[in-house]
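Colleague: Sequence plus predicted model, see below.
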Amino acid sequence: MERRMKNSTTLILLVALCATASFFFFNAISSNAKEPDESEINKLFGTYFKAIKSGDVDAAIQLVIDTRWNDLKSQREGYQAAAKEDVIC
């Protein structure tokens, strides 16, 4: 009975230790992410719209994660149509 109690206590301590270590590990990872400054964002948007206007669809696709499209082929076709129709001013 006493041995069983020791095993249970050891297990509880190990679980608590793992939970605490996980908390600190994931907290440290998420706090290292930095927010981009406004000039970086403006540059990115400028590069994206220049690529679309010039018809460089592949460059534009590399700059974004566009969830409006089911696959890369339909995204490319949509971007090409937007460039031809002068949707982006």
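Modeller: Received the coordinates, thanks.

Colleague: name the element residue 60 belongs to?
Modeller: helix 57-63 (DSSP states H and E).

Colleague: now swap in residue 78 and tell me
Modeller: Here residue 78 is assigned to helix 72-84, by DSSP H and E.

Colleague: try residue 47
Modeller: helix 38-54.

Colleague: Let me know the angle separating that helix from helix 72-84.
Modeller: 80 degrees (axes from the mean of the first three to the mean of the last three C-alpha atoms, to 10 degrees).

Colleague: by contact count, what packs against helix 38-54?
Modeller: Using 3 or more C-beta pairs under 8 Å, 6 or more residues apart in numbering; DSSP states H and E, the elements in contact with helix 38-54 are helix 57-63, helix 72-84. Quick note: C-beta positions are derived from backbone N, CA and C, even for glycine.

Colleague: Could I get the buried residue list for it?
Modeller: Buried residues in helix 38-54, counted by 16 or more other C-beta atoms under 10 Å: 48, 51, 52.

Colleague: Of these, which is the nearest to residue 79?
Modeller: residue 52 (6.5 Å; C-beta to C-beta).

Colleague: list the contacts for the closest one?
Modeller: Contact partners of residue 52, counting by C-beta atoms under 8 Å, 6 or more residues apart in numbering, are 60, 79, 82, 83, 88.

Colleague: Generate a ChimeraX selection restricted to the buried entries among those.
Modeller: In ChimeraX, a selection of the buried entries from the contacts of residue 52 looks like this (16+ other C-beta under 10 Å):
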select :60,79,83
